[in-house]
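A.B. asks: below are the sequence and a predicted model; questions follow.
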Amino acid sequence: MFETERLFLRKMTESDLDSIYAMRSDADVMRFIREPQNRNEALNWIKLVSSRWAGEKIGFCSVFLKERNQFIGWCGLWQLKETGEIEVGYALFKDFWGQGFAVEASEPFLEYGFTELNLPKIVACANPDNKGSRRVMEKLGMTFDHIGFYYGRDLVHYSIARNEWEKQKIKVKG
């Protein structure tokens, strides 16, 4: 679906179950997301996040390191239930934290959201203590809006409007 300098991203399928289960059962990876999941919960999550591609054109993709064809995490767009806003979300195995992969995987989704889906803005939410995720949001050009109640808990809410994203792209190219 998408390819970057170091990554390729494809729609998540049930064939990713072993990798998704390994990730979603890792307490460190899930510390700021939710409780670790068992194998059946991971499968149900894959089905859920893949179910909206056909109708809504949003969902999550598996993220692979190109040089090794290695699954390293997931990334994609999802509708924030509480507000209806479209959120970019991501998670990586610990070995891949702090290397720019979450930003690199998220950038094509911002472009897709703004150019293909014609979204006016894209948001992201995270646990207030998740400094790594907040750094990703800031590197994507997002700004902090507020702390709100999402996914059953208080989370920071960041956003970027399409016109801000377009200005940012022009600066990078120029």
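C.D. replies: Nice, thanks for sending it over.

A.B. asks: N44: neighbour count?
C.D. replies: 12 (other CB atoms under 10 Å). From N, CA and C alone the C-beta is placed, and that goes for glycine too.

A.B. asks: restricting to C-alpha, output the helix or strand containing V88 in PDB.
C.D. replies: Taking DSSP states H and E as the criterion, V88 maps to strand 86-92. Taking Å, rounded to 0.1, in the frame of the first residue of the first chain, the C-alpha atoms of strand 86-92 are listed here in PDB:
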ATOM      1  CA  ILE A  86      -9.600  10.700  12.000                       C
ATOM      2  CA  GLU A  87      -6.600   9.700  14.100                       C
ATOM      3  CA  VAL A  88      -3.200   8.400  13.000                       C
ATOM      4  CA  GLY A  89      -2.100   5.600  15.300                       C
ATOM      5  CA  TYR A  90       1.100   3.500  15.500                       C
ATOM      6  CA  ALA A  91       2.900   1.000  17.600                       C
ATOM      7  CA  LEU A  92       6.300  -0.600  17.200                       C
END
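
A.B. asks: which elements pack onto it?
C.D. replies: With contacts taken as 3 or more CB pairs under 8 Å, 6 or more residues apart in numbering; DSSP states H and E, strand 86-92 sits against strand 59-65, strand 70-79, helix 101-111, strand 121-126.

A.B. asks: what segments of this structure are helices?
C.D. replies: Taking DSSP state H as the criterion, the chain contains helices spanning 17-24, 27-30, 39-50, 53-56, 101-111, 131-139, 162-173.

A.B. asks: closest one to G84 among these?
C.D. replies: helix 53-56 (11.4 Å; CB to CB).

A.B. asks: got the contact list for the closest one?
C.D. replies: K11, G59, Q79 (CB atoms under 8 Å, 6 or more residues apart in numbering).

A.B. asks: which one of those residues sits in the busiest neighbourhood?
C.D. replies: G59 (19 neighbours).

A.B. asks: what's the pLDDT at the closest residue to that residue other than its chain neighbours?
C.D. replies: Spatially, and ignoring its direct neighbours in sequence, G59 is nearest to W53 (4.4 Å; CB to CB, 6 or more residues apart in numbering). We note a pLDDT of 94 for W53 in this prediction.

A.B. asks: cool, K171 as well?
C.D. replies: 66.

A.B. asks: leaving out chain neighbours, which residue sits closest to A105?
C.D. replies: C75 (4.0 Å).
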